[in-house]
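Engineer: Give the three-dimensional model of this entry:
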Amino acid sequence: MSDELLARIAKRAADPNRRYMTAAEDQSRVELPTDEIKRRFDAFDDTAGDTFRMMQDKMREWGFNLDKMSFVQREDGTVGASSEPPGAVPLTASPSEAAWAEVEAAIGRPIAQDLKRLYSISDGGFGPGFTGLNPVQRIIAFYADYRRRGPDYCGTILYPPSFVPIANEMFDYHYDLDTGRIISSNQDWDNDPDDPKEVYDIAFQSLADMMEDWLRRS
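Structural biologist: Numbering: from 1, shown residues only. Have a look, this model is predicted:
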């Protein structure tokens, strides 16, 4: 991870519209009264309105009765709502040495320096992935979950102990501490269908290659 590459990554990460895959959508969300959101969902189609009301009922069961939510009308015409405030999720402080020590204790081996160097920009929240790279606490939680249930969440496929779960898109991405490669996994392999042996694939030869790919994306 060269200084030049790290600087280019940091520059893009600073752009709230291009920080992660859904950042531009998050930026375009506006806060509206829930009654107005219901009206807009109903105007889109009956199914969307019914789905929104079901979501509200479920949130009330959980103790959330929100007067306002954030609303988005996407470029393709579809609509969405969220309890999260409008705007892209901001960058956060980079992980402390104590936080990395927690990750290493959970995985049982040292974390590669290029991964730590990349996270010097922020504790995740930028780069590949629907919401960017996983924060370190999410890495710990996902690692334990993958080790318990496997990448298909059925317990039929082993999750190698050398893998570090770093991002989630259509495929999940893992840093392989043994090789430095980025490995993808398809958690929906049994519906595609794939042979279990094809669940894992080499997505990128290095972390730097993965980040260069992200920088090339619009």
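Engineer: Confirm that Arg60 sits in a strand.
Structural biologist: No. Read with DSSP: H, G, I helix; E, B strand; the rest coil, Arg60 is helix and lies in no strand.
Engineer: Tell me, how many residues neighbour it?
Structural biologist: A count of nearby residues for Arg60, using other C-beta atoms under 10 Å, gives 11. Every residue, glycine included, has its C-beta placed from N, CA and C.
Engineer: Using CSV, write out the CA atom coordinates for the helix or strand of the chain with the lowest mean pLDDT.
Structural biologist: Least confident helix or strand, the chain: helix 46-61 with a mean of 83, by mean pLDDT, DSSP states H and E. Extracted as CSV, the C-alpha positions of helix 46-61 are listed here (Å, rounded to 0.1, in the frame of the first residue of the first chain):
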residue,chain,number,x,y,z
ASP,A,46,-49.9,-0.2,-3.7
THR,A,47,-47.3,-2.8,-2.8
ALA,A,48,-44.7,-0.1,-1.8
GLY,A,49,-47.3,1.5,0.5
ASP,A,50,-48.3,-1.7,2.1
THR,A,51,-44.6,-2.6,2.6
PHE,A,52,-43.9,0.7,4.3
ARG,A,53,-46.9,0.3,6.6
MET,A,54,-45.7,-3.2,7.5
MET,A,55,-42.3,-1.8,8.3
GLN,A,56,-43.9,0.9,10.5
ASP,A,57,-45.9,-1.8,12.4
LYS,A,58,-42.8,-3.8,13.0
MET,A,59,-40.8,-0.8,14.3
ARG,A,60,-43.7,0.0,16.7
GLU,A,61,-43.4,-3.5,18.0
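Engineer: Show residues contacting that helix.
Structural biologist: Contact with helix 46-61 is made by Thr34, Ile37, Lys38, Phe41, Asp42, Asn65, Leu66, Val79, Ala81, Ser83, as judged by C-beta atoms under 8 Å, 6 or more residues apart in numbering.
Engineer: Just the ones in helices from the residues you listed, please.
Structural biologist: The helices, defined by DSSP state H, take in Thr34, Ile37, Lys38, Phe41, Asp42 from the contacts of helix 46-61.
Engineer: could the residues you listed go into CSV alongside distance to Ile140, neighbour count and pLDDT?
Structural biologist: Formatted as CSV, the ones in helices among the contacts of helix 46-61 follow (distance: C-beta to C-beta, whole Å; neighbours: other C-beta atoms under 10 Å; pLDDT from 0 to 100):
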residue, distance to Ile140, neighbour count, pLDDT
Thr34, 35, 17, 88
Ile37, 35, 23, 90
Lys38, 38, 17, 89
Phe41, 37, 22, 88
Asp42, 42, 14, 87
